[in-house]
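A.B. asks: From the sequence below, what's the structure:
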Amino acid sequence: MLVLAADIGGTKTLLSIADAGADRIEILHERRYLSADYAEFETMVEEFLASCAGDKPQRACFAVAGPITADGTSAHVTNVGWHLDVARMQTHLGIASIQLINDFQAQAYGIDVMQPEELHELQAGVPQPQGLRAVIGAGTGLGVGQLVWRDGRYHALPSEGGHADFSPHGALAREQHAWLGARYGDYIPLEFVISGPGLADTYRFLAERHPKRASAKLAHAMLTGDPAAAISEHAAHEELAREALGLFIHNYGTHASNLALTTLPYGGLFISGGIAPRILDAMAKNNRFINAFNAKGRMSTLARSIPVAVVTNPRVGLLGALDIARGE
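C.D. replies: Below you'll find the predicted structure:
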């Protein structure tokens, strides 16, 4: 059976057609698109399908970076502005079965199809078979998901946990919170801090705090390219960029641990999204991420028992959507 899947993000969208059976997924066609290049998602899909030789897919699953209605019939892509309507897409695309899932549900489902080499362990913990799993991942925004074991397999639960409040830990993070509040108002979602734009704001906060240490070269790179990528690259040789990346990792570890205390994911906490694989060396250096993760006072022993790993395969959400598209 041919199935179509999409991993729809604020920056990029991955589309794939696969021949899928009960125990296999063979990808036939795959393409990456810039989301902002298209006014409507359907236009992108129609272009993709037209470029693929062969029969039209019978089923589809689209993983959406944004809220989905309770009945699953429509969704809004938060950082692009697309509105997805299942009935409209069924008509326009000629695919009878279309399912919408949260992008981090898809990330969660993709965990099961990862190869061991696509997971980088940060903390072994004390894993429990069939224990609850949690996923957190920073990219254009911040996604959160959970997996619970039921009826012989893991089932992913939707979440908009990236929009929970940023709760600072430490004097510098509290000062950062005040800086963000002066710019964005009292409500500071986590994704304003733990995301690509959040990393850029982290550097701007420190640059205003230490203007004499700010780099004109980095400021230019942030204006002319991807600001978060520029900071990560300059962190190798510029002190303030390195401090910004360190504060970002501190905040990331702190709030991944908050998720762990809330959900108790003894089946593993998985860090996905586009940013973590790019800064993996900085996260692992001197156990920077894990030290923040385990700094939980009386709950530090519990935090140390949680297995933590970084997902290094950037296609994990797409693979999860393909898994759902093929059905049970």
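
A.B. asks: need the contact list for residue 207.
C.D. replies: 213, 214, 219, 240 (CB atoms under 8 Å, 6 or more residues apart in numbering). All C-beta spots, glycine's among them, are computed from the backbone N, C-alpha and C.

A.B. asks: could you redo those as JSON lines and give each row distance to residue 41?
C.D. replies: Shown next, in JSON lines, are the contacts of residue 207 (distance: CB to CB, whole Å):
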{"residue": "213", "distance to residue 41": "43"}
{"residue": "214", "distance to residue 41": "39"}
{"residue": "219", "distance to residue 41": "35"}
{"residue": "240", "distance to residue 41": "39"}
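
A.B. asks: want to throw those into a markdown table with pLDDT, distance to residue 260 and neighbour count?
C.D. replies: Output for the contacts of residue 207, formatted as a markdown table (pLDDT from 0 to 100; distance: CB to CB, whole Å; neighbours: other CB atoms under 10 Å):
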| residue | pLDDT | distance to residue 260 | neighbour count |
| --- | --- | --- | --- |
| 213 | 94 | 34 | 13 |
| 214 | 92 | 35 | 17 |
| 219 | 93 | 36 | 15 |
| 240 | 96 | 30 | 21 |
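
A.B. asks: Do you have the strands of the stretch 51-200 of the chain handy? List them.
C.D. replies: 59-64, 74-76, 83-85, 97-102, 119-123, 133-138, 142-150, 153-157 (DSSP state E, counting those that start in this stretch).

A.B. asks: Which of these comes out lowest on mean pLDDT?
C.D. replies: Per-stretch averages of pLDDT across the strands of the stretch 51-200 of the chain put strand 153-157 at the bottom, with a mean of 86.

A.B. asks: and the angle from that one to strand 97-102?
C.D. replies: Interaxial angle, strand 153-157 versus strand 97-102 (axes from the mean of the first three to the mean of the last three CA atoms, to 10 degrees): 70 degrees.

A.B. asks: Sheet-wise, list the partners of strand 153-157 with their directions.
C.D. replies: strand 142-150 (antiparallel) (DSSP bridges).

A.B. asks: list the helices and strands the longest helix along the chain packs on?
C.D. replies: For the chain, the longest helix by residue count, based on DSSP state H, is helix 239-263. Helix 239-263 is packed against strand 133-138, helix 171-184, helix 196-209, helix 227-234, strand 268-272, helix 280-284, helix 288-294, helix 300-304, with contacts defined by 3 or more CB pairs under 8 Å, 6 or more residues apart in numbering; DSSP states H and E.

A.B. asks: just how off-centre is the following helix or strand past the third one within its chain?
C.D. replies: Using DSSP states H and E, the helix or strand that follows helix 196-209 towards the C-terminus is helix 216-224. When C-alpha coordinates are averaged (CA atoms, centre = their mean, to the nearest Å), helix 216-224 and its chain have centres 26 Å apart.

A.B. asks: Report the inter-axis angle for helix 216-224 versus helix 196-209.
C.D. replies: 150 degrees.

A.B. asks: which parts of helix 216-224 are buried?
C.D. replies: By 16 or more other CB atoms under 10 Å, the buried positions in helix 216-224 come out as 218, 221, 222.

A.B. asks: ditto for stretch 115-129
C.D. replies: 118, 119, 120, 122, 123, 125.

A.B. asks: so the second one sits right up against residue 316, yeah?
C.D. replies: No. Distance between residue 119 and residue 316: 9.9 Å, which falls outside the contact criterion (CB atoms under 8 Å).
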